[in-house]
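Novice: Need the 3D shape of this:
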Amino acid sequence: MRQSHFRPGEPGESQFERVLDTSARLAVVGIGFAVLLTILQAGQVFLAPVTLAVVVGLMFGPVADRVEGWGVPPALSAAIVVLLLLAVIAGFTALFAVPLSEWVARAPMLWDKLQTQLASLKEPLQSISDFQAQLGAALGTDGAMAVTVEDGGTVTGVAMLAPAVLAQIAIFLASLYFFVATRDHIRMSVLSMCVTRRMRWRTAHIFRDVEFKVSRFLLTVTMINLCVGTAVSLAMWAIGMPSPLLWGAMAAVLNYIPYVGQAIMIAVLLAVGLGTQTGLVEILLPVACYAGINFLEGQLFTPHFIGRSLTLNPFVIFLSITFWIWAWGPVGGLVAVPTLLIAQSVITHALPSKPVRPRRPVRRTARMTARDELLANAAQAIREQRQEEKAGEGKPAEKLEPPQGTGPTGVEPAAR
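Specialist: Residues are numbered from 1 along each chain as shown. Reported below is the predicted structural model:
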């Protein structure tokens, strides 16, 4: 008896077989995603500093190119980039070490004052505690919370964490040096593995877009963050906030992490206000100043200087930040947006798509919003596509051939 085999999507395939095939593909994708998550978390000590080094290397790529243009060899230009980064970090550390140490010394006093300011919340917290006790009694459990303190836990944790941090710093610096020094060799090696002209063309465009987008984004964001830090320092100085340079530096650094960094900065300023001020206006004034500066930066300066070509969906940015912070902690927050730009460049050139635009665009009326116009044009494009499909029925099937340079054998066709 002759057995027939159907490929997925063929007319003879049953509905159950199509559902089973789709479920199997989704299961393979889910297993691959789970394996990827496991690898990211298991290899955090190595993968996180290497990824951060690649991102920083893309940022300093134009600097290295400028230095190499003066006749400096790549190995020496990479060393100059690493030393320049270390000098910037050392300068910021020396500049803000004194005010930071002062606030650390004042932490116990601030904590006592913060507890005094939060004394007004004693009654609501007591109500929650009474409710917990009543719930525990109703469920037959003891509502008391047992707390155990291990002697030397903090010291032991720091002692165990220090070697891992030092190892990650060493991996980061070494990866940054070798990536900057050999980035041209990496590009040529990848291009040499492309067997067709189309693959080489797309891969070269991916390299170009990744370097352009990531370096432009990081350099522009760095300049904007420096301006934000300067504005925050001036605002804190104007309202009489102690150590204004420290808050400006924190605002500039945390501004590299969208949404999450701003939330942390607002929480820190609110806690400092509660610990140093007594009036409601004085407590909320630093937060209001920072929120106003951040609003102006996000609505005016960032869209103007970065441009629409580098803007991403805010929801996708938030998901990327939460995912990478969950996987790699603070380092993940720094590489979240650059990895999105890299993924966008790869997908754009590896899977090119045509924009949904009708041949006859819908005219926008006075009552139509931008969203209405977009939906109307999308509907018009779908109607035109259906009309083309109906018009093409009955015509002889065209012979589909792969485009030039994408044959299955990888052999370039002869020039005609």
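
Novice: low pLDDT regions in this structure?
Specialist: 1-13, 106-108, 110-162, 306-311, 352-357, 389, 392-416 (pLDDT under 70).

Novice: which helix is the longest one in it?
Specialist: Identified as the longest helix of the chain according to DSSP state H is helix 197-238.

Novice: Centre of the chain to that one, how far?
Specialist: Chain-centre distance of helix 197-238: 12 Å, with C-alpha atoms, centre = their mean, to the nearest Å.

Novice: now swap in stretch 261-274 and tell me
Specialist: 22 Å.

Novice: ok so, going back, using CSV, write out every CA atom in whatever helix or strand comes next after the longest helix of the chain.
Specialist: Using DSSP states H and E, the helix or strand that follows helix 197-238 in sequence is helix 244-254. This file holds the C-alpha atoms of helix 244-254, laid out as CSV (Å, rounded to 0.1, in the frame of the first residue of the first chain):
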residue,chain,number,x,y,z
PRO,A,244,24.6,69.0,44.7
LEU,A,245,27.4,67.5,42.6
LEU,A,246,26.7,64.0,44.0
TRP,A,247,23.0,64.1,42.9
GLY,A,248,23.9,65.4,39.5
ALA,A,249,26.4,62.5,39.0
MET,A,250,23.8,60.0,40.2
ALA,A,251,21.2,61.5,37.8
ALA,A,252,23.6,61.3,34.9
VAL,A,253,24.6,57.7,35.6
LEU,A,254,21.1,56.4,36.3
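
Novice: Can you tell me which helices and strands helix 244-254 packs against?
Specialist: helix 74-105, helix 197-238, helix 260-276, helix 280-296 (3 or more C-beta pairs under 8 Å, 6 or more residues apart in numbering; DSSP states H and E). Yep, even glycine has a C-beta here, placed from its N, CA and C like the rest.

Novice: elements contacting the last one?
Specialist: In terms of contacts (3+ C-beta pairs under 8 Å, 6+ apart), helix 280-296 is packed against helix 197-238, helix 244-254, helix 260-276.

Novice: from those helices, which stretch is densest packed?
Specialist: When the helices and strands packed on helix 280-296 are scored by mean count of other C-beta atoms under 10 Å, the highest mean neighbour count falls to helix 244-254 (a mean of 21).

Novice: ok now do the most centrally placed residue in the chain, which residues does it touch?
Specialist: By C-alpha atoms, centre = their mean, the chain has its centre lying nearest to residue 336, at 1.8 Å. Neighbouring residues of residue 336 by C-beta atoms under 8 Å, 6 or more residues apart in numbering: 257, 317, 320, 321, 323, 324, 325.

Novice: One more pass at 7 Å, please.
Specialist: For residue 336, the contact set (C-beta atoms under 7 Å, 6 or more residues apart in numbering) comprises 320, 321, 324.

Novice: Now, those residues that are in helices?
Specialist: Among these, the members falling in helices (DSSP H) are 320, 321, 324.

Novice: So which of those wins on neighbours?
Specialist: Within these, residue 324 tops the neighbour count with 24 neighbours, counted by other C-beta atoms under 10 Å.

Novice: Thought residue 335 was touching it, still the case?
Specialist: Yes: with contact defined as C-beta atoms under 7 Å, residue 324 and residue 335 form a contacting pair (6.2 Å).

Novice: So residue 50 is in contact with residue 175, correct?
Specialist: Yes: between residue 50 and residue 175 there is a contact at 4.7 Å, judged by C-beta under 7 Å.

Novice: burial of residue 340, as a residue count?
Specialist: Quick note: residue 340 (other C-beta under 10 Å) scores 20 neighbours.

Novice: got a list of what the closest residue to it other than its chain neighbours touches?
Specialist: Once flanking residues are discounted, residue 340 sits nearest to residue 320: 5.2 Å by C-beta to C-beta, 6 or more residues apart in numbering. When contacts are counted by C-beta under 7 Å, 6+ apart, residue 320 touches 336, 337, 339, 340.
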